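*Asks:* Below are the sequence and a predicted model for it; my questions follow.
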Amino acid sequence: MAARGREGPWRRVLGGGLESWADWLASAAARGRAQEVQALLEAGAPPNALNSFGRSPIQVMMMGSARTAELLLLHGAEPNCADPATLTRPVHDAAREGFLDTVMALHRAGARLDVRDAWGRLPVDLAEELGHWEVAGYLRAAMGGTPSANHTAGPADNPT
């Protein structure tokens, strides 16, 4: 039986509680289960509802699953939601882990690349710190080629 709106089988199984929707969607997103994420969203699961740990699905999603990110964003997930403790946003997490496709999906959906986390790092800083050069290059180009806060001038940067 196909899920339809809020009256589909997902709704019955979950008992209609918003917290249950949020927990199930966050769990599916965290595991990168794109088909399950899609079914839950199509059945009416709210893409920005916080799970029982106070996190939204896009904050806990498997960063390596660009398809999961795209589904959440397509259904209205907020790409700029910050973790209350670390101030990291999903783009920080994707950059730190080196997932270019996810970084690109978040950026296309409006993720801000110029916001620092609690330690003063931009997403590009995290990518560079961990050697994700392709991600760092994309972020640098998307930011107009501006250097990161942690970028130190070296011989190639300061020709004399």
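*Replies:* Yes, it's here.

*Asks:* Tell me who's in contact with Ala66.
*Replies:* For Ala66, the contacting residues are Phe99, Asp101, Thr102, Met104, Ala105, by CB atoms under 8 Å, 6 or more residues apart in numbering. Backbone N, C-alpha and C define where each C-beta goes, glycine included.

*Asks:* one more time with 10 Å
*Replies:* Gly32, Ala34, Ala94, Phe99, Leu100, Asp101, Thr102, Val103, Met104, Ala105, Leu106 (CB atoms under 10 Å, 6 or more residues apart in numbering).

*Asks:* Looking at the backbone only, give me phi and psi for it.
*Replies:* The phi and psi torsions at Ala66 (degrees, to the nearest 10) take the values phi -60, psi -30.

*Asks:* That one and Ala118: what is the separation?
*Replies:* 26 Å (CB to CB, to the nearest Å).

*Asks:* what's the answer for Asn80, then?
*Replies:* For Asn80 relative to Ala118 (CB to CB), the value is 15 Å.

*Asks:* how about the helices in the chain?
*Replies:* When secondary structure is read from DSSP state H, the chain shows helices at 9-14, 18-30, 34-42, 57-60, 66-74, 90-97, 100-108, 123-129, 133-142.

*Asks:* Which other helices and strands does the shortest one contact?
*Replies:* The reference is to helix 57-60. Packing partners of helix 57-60 (3 or more CB pairs under 10 Å, 6 or more residues apart in numbering; DSSP states H and E): helix 18-30, helix 34-42, helix 66-74, helix 90-97.
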